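Student: Can you look at this prediction? I've put the sequence above it.
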Amino acid sequence: MIVWVSGASSGLGYHTSLQLKKAGMTVISGARSYRDQEGEAENGYRLYLDVKEEASMDRFKEQALSLAGPPDVLCCCAGVLTLGACEDYSLQELRDVMETNFFGQAMMIRRALPLMRKNGGGKIILFSSVNGVLAVPYQGAYTASKHAVEGFAEALRMEVSPFGISVCVVEPGDHRSGSSKYRRHSVTDSSENPYYQDYQKTVAKIDHDEKNGSDPDHLGRVIARNLLKKRLPARLLIASPDQKLAVLLHRLLPKKLFARILTLYYGGRFR
């Protein structure tokens with residue numbers, strides 16, 4: 001099984017590519033940080049890939065085809081997080097998050113799908129998040145990008161089904177895998193900002209939950225097991241029991257009540 005993985009140099013993308021390689025799959029791992037690190041590695045054959053650049057994606061495609069042939073699986077893991085109040089995001093900050101987290105996945109799909117159709121089938125894994133289901137304060141840009149992934153995947157699933165191609169959205173909760181270089185802060189991170197106090201409390205809670213999160217290798221193994229099935233599930237919620245409960249409560253509770261509970265959990269204020 002030949003798998004292309006974007007965003008494979010750190011975080012969940014790295015651990016996913018590592019576990020797929022350990023499961024015996026031929027993994028072509030792409031990431032921006034691989035510019036000077038191309039070659040065979042523990043998480044597959046590494047190639048430079050920037051999902052914000054068309055030329056880089058085209059180069060990755062041609063090199064991956066030359067190395068291993070057309071993909072049986074496309075696994076889109078590239079992502080960035082910019083923390084801040086919705087009011088404070090600049091247009092460029094919003095564009096950067098959407099270009100990596102959503103447009104990058106869509107453009108990788110555009111390159112892999114014709115190859116899968118020609119091969120008679122394939123599997124596509126798109127990385128969303130628990131934030132693709134529910135919002136968290138001060139993660140508005142990230143939440144918007146993951147909601148976009150969820151909606152795009154639903155349409156894609158219906159369109160490609162006749163060609164024997166299945167689509168799975170992976171919705172991770174907090175995992176011990178984040179890299180601070182992919183976490184940016186908007187101007188909310190200033191003591192003069194009206195959101196500053198609530199923002200600091202929320203960021204501290206986010207840091208705590210990630211540092212005490214689930215094992216990222218477990219997530220990679222779950223994905224590997226599901227790739228060995230004939231068809232992928234539509235969604236894989238891979239999260240701690242309390243985060244799974246939060247997803248359920250988000251569906252069941254009145255929206256204002258749920259918002260109050262979540263805001264208080266992160267140390268903020270809610271009227």
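Tutor: Nice, I can see it.

Student: Are we agreed that G30 is in a helix?
Tutor: No. Counting by DSSP: H, G, I helix; E, B strand; the rest coil, G30 falls outside a helix, being strand.

Student: Using PDB, write out every CA atom in stretch 200-211.
Tutor: Extracted in PDB, the C-alpha atoms of stretch 200-211 (Å, rounded to 0.1, in the frame of the first residue of the first chain):
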ATOM      1  CA  GLN A 200      -4.000  34.100  28.900                       C
ATOM      2  CA  LYS A 201      -6.200  31.700  31.000                       C
ATOM      3  CA  THR A 202      -7.400  29.900  27.800                       C
ATOM      4  CA  VAL A 203      -3.900  29.500  26.400                       C
ATOM      5  CA  ALA A 204      -2.700  28.100  29.700                       C
ATOM      6  CA  LYS A 205      -5.500  25.600  29.700                       C
ATOM      7  CA  ILE A 206      -4.800  24.600  26.100                       C
ATOM      8  CA  ASP A 207      -1.100  24.100  26.900                       C
ATOM      9  CA  HIS A 208      -2.000  22.000  29.900                       C
ATOM     10  CA  ASP A 209      -4.500  19.800  28.000                       C
ATOM     11  CA  GLU A 210      -2.000  19.200  25.100                       C
ATOM     12  CA  LYS A 211       0.900  18.300  27.400                       C
END
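
Student: need the contact list for I124.
Tutor: Contact analysis of I124 by Cβ atoms under 8 Å, 6 or more residues apart in numbering lists 73-74, 76, 109, 112-113, 116, 156, 160, 165-168. Yep, even glycine has a C-beta here, placed from its N, CA and C like the rest.

Student: quick one: which of those residues sit in helices?
Tutor: I109, A112, L113, M116, L156, V160 (DSSP state H).
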